[in-house]
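In: Generate a structure from the sequence data that follows.
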Amino acid sequence: MNVDKEWPTRKYHRIAGKNYSHNGAYFLTICTKDRHELFGEINGDEMVLSEIGKIVQAHLCDIEQVYTSVVMDSFVIMPNHVHMLLHLINNETNPSVSRVIQQWKGAISKQAKAPLWQEKFHDRVVDTADEYRTIQQYIRENPMRWEDDVLRPLAESA
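Out: Residues are numbered from 1 along each chain as shown. So this is what the prediction gives:
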């Protein structure tokens, strides 16, 4: 056995020194465990929500009530993931992005009575107005691109 083997280093995507509870816009992607398609299906260019998908949507709409310093700009629920663009607007009372997502995922799993989520989530700090508009468009058009979505599970082989 080679004890000198180098193990791959896990990529840490967070910005070093960035406080994820400071004011700003954040683009988030949260996936289901093992990318199971739990939230519904794409019919044409539109997402048709399952019962669990409707729970996800209801809790997305509740984020602003739970955290008054968080504004949900836009979101899309896909069969196996969710994209959202949110703002933290009050440095004095902002929760961290991780806290918002942890609470949100927990509330959904509790109501669905099942663990639904991948452990981590992907976040991106949105720095410019052009980037912001591009992300808004990406969220709006995501169902139309489902066939080519990198988060879509591969079709089973025949």
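
In: okay, CA-based contacts and neighbour counts for the rest of this
Out: Fine.

In: Partner strands of the helix-or-strand element of the chain with minimal mean pLDDT and their direction?
Out: The weakest-scoring helix or strand in the chain, judged by mean pLDDT, DSSP states H and E, is strand 122-126 (a mean of 92). Partners of strand 122-126 in the sheet, by DSSP bridges, are strand 24-31 (antiparallel).

In: quick one: contacts of the strand it pairs with?
Out: Residues outside strand 24-31 that contact it (CA atoms under 8 Å, 6 or more residues apart in numbering): 80-89, 117-118, 120-127, 135.

In: got it, and stretch 130-146?
Out: 27, 42, 44-47, 74-76, 78, 83-85, 126, 152.

In: With stretch 91-105 instead?
Out: Against stretch 91-105 from outside (CA under 8 Å, 6+ apart): 19-23, 59-60, 63, 67, 69-70, 88, 117.

In: Of the contacts of stretch 130-146 - the most surrounded one?
Out: The most neighbours of any of the contacts of stretch 130-146, using other CA atoms under 10 Å, belong to Met78, which has 25 neighbours.

In: In this protein, what residue spans correspond to helices?
Out: 51-66, 97-112, 129-141 (DSSP state H).

In: nearest to Asp148, of the ones you listed?
Out: Between Asp148 and the helices of the chain, the shortest separation by CA to CA is 12.2 Å, and it involves helix 129-141.

In: Could you tell me the angle between the direction of the closest one and that of strand 122-126?
Out: 140 degrees (axes from the mean of the first three to the mean of the last three CA atoms, to 10 degrees).
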